[in-house]
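Just to be clear, the model below is a prediction. Sequence and coordinates:
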Amino acid sequence: MMIRQSNNPRLSSSSRHHPLSSEADDSSDRLGGVRQAVSEIANTGLKDTVQAGDVIIAKVDLPGQQIYANKGYQIVSIYDQVVDKETGQVEKYLVDQIEDMTAIKSGSYTRYLQLQVNSEQTAIVTPQEIGLVTLKDELTLSLWLAVPGCFWIVVAWNFAHYYNERYGGNFMDAMFRT
């Protein structure tokens, strides 16, 4: 098997960190794992590109590979793979971003993602198999659901405040006319 690697420093094994790694297991800092996970998500942020090290959300269950819907996974590497017709060998080409289409356009390559499933195991899948959704898309969808909810909370609070100002009583009196 031939592997050709890009010069992306984020793909080196020494620069990868995972929220469930042994670095986060320090017993003196109980929130170390939480801080590491929040740090990984903050680094992913609201980018338009998906690279190795980013967190993505799976939308399809693959129990055989321990991938479950609506759960975030860190991308370890992104690569294109093809079987060379002349030699019969499998060739892998590491790519920097999932949106990089240069290798796929030049041949019959298949794009694969290596995802960190848990602290010791990775899974190799295609973006189509897991229904890939970026963290940015997931947060945008959540905001569209949260904004109307916040609107109705403000309306209810204003109603209760108006009732309390006018008739006295407390929040329960205003909401349930007790």
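Yes, it's here.

which intervals of this protein have sub-threshold pLDDT?
Along the chain, segments meeting pLDDT under 70 span 1-30, 33, 36-47, 100-107, 174-175, 178.

tell me what the longest strand anywhere in it is packed against?
In the chain, assigned by DSSP state E, the strand with the most residues is strand 71-83. Strand 71-83 sits against strand 55-58, strand 90-94, strand 110-116, with contacts defined as 3 or more C-beta pairs under 8 Å, 6 or more residues apart in numbering; DSSP states H and E. All C-beta atoms are positioned from the backbone trio N, CA, C, and that covers glycine.

can I have that strand written out in CSV, keeping just the CAs?
Provided in CSV are the C-alpha atoms of strand 71-83 (Å, rounded to 0.1, in the frame of the first residue of the first chain):
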residue,chain,number,x,y,z
LYS,A,71,-22.9,12.6,18.2
GLY,A,72,-19.7,14.6,17.5
TYR,A,73,-16.5,12.9,16.3
GLN,A,74,-13.1,14.3,15.7
ILE,A,75,-11.5,13.8,12.3
VAL,A,76,-8.1,12.2,12.5
SER,A,77,-7.3,12.2,8.8
ILE,A,78,-9.0,12.7,5.4
TYR,A,79,-7.7,10.8,2.4
ASP,A,80,-8.6,9.7,-1.1
GLN,A,81,-8.1,6.0,-2.0
VAL,A,82,-7.9,4.2,-5.4
VAL,A,83,-6.7,0.9,-6.7
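
hmm, back to that, comparing the helices and strands packed on strand 71-83, which comes out most buried?
strand 55-58 (a mean of 21; mean count of other C-beta atoms under 10 Å).

The helices and strands packed on strand 71-83: which one's closest to Arg177?
Proximity to Arg177 (C-beta to C-beta) singles out strand 55-58 among these, at 43.3 Å.

Residues contacting that closest one, please?
With C-beta atoms under 8 Å, 6 or more residues apart in numbering as the contact definition, strand 55-58 has outside contacts at 40-41, 44, 50, 67-75, 113, 115, 130-135, 137-138.

now the angle from the one helix or strand Ala146 maps to to strand 71-83?
Using DSSP states H and E, Ala146 sits in helix 135-167. Helix 135-167 runs at 160 degrees relative to strand 71-83, counting by axes from the mean of the first three to the mean of the last three C-alpha atoms, to 10 degrees.
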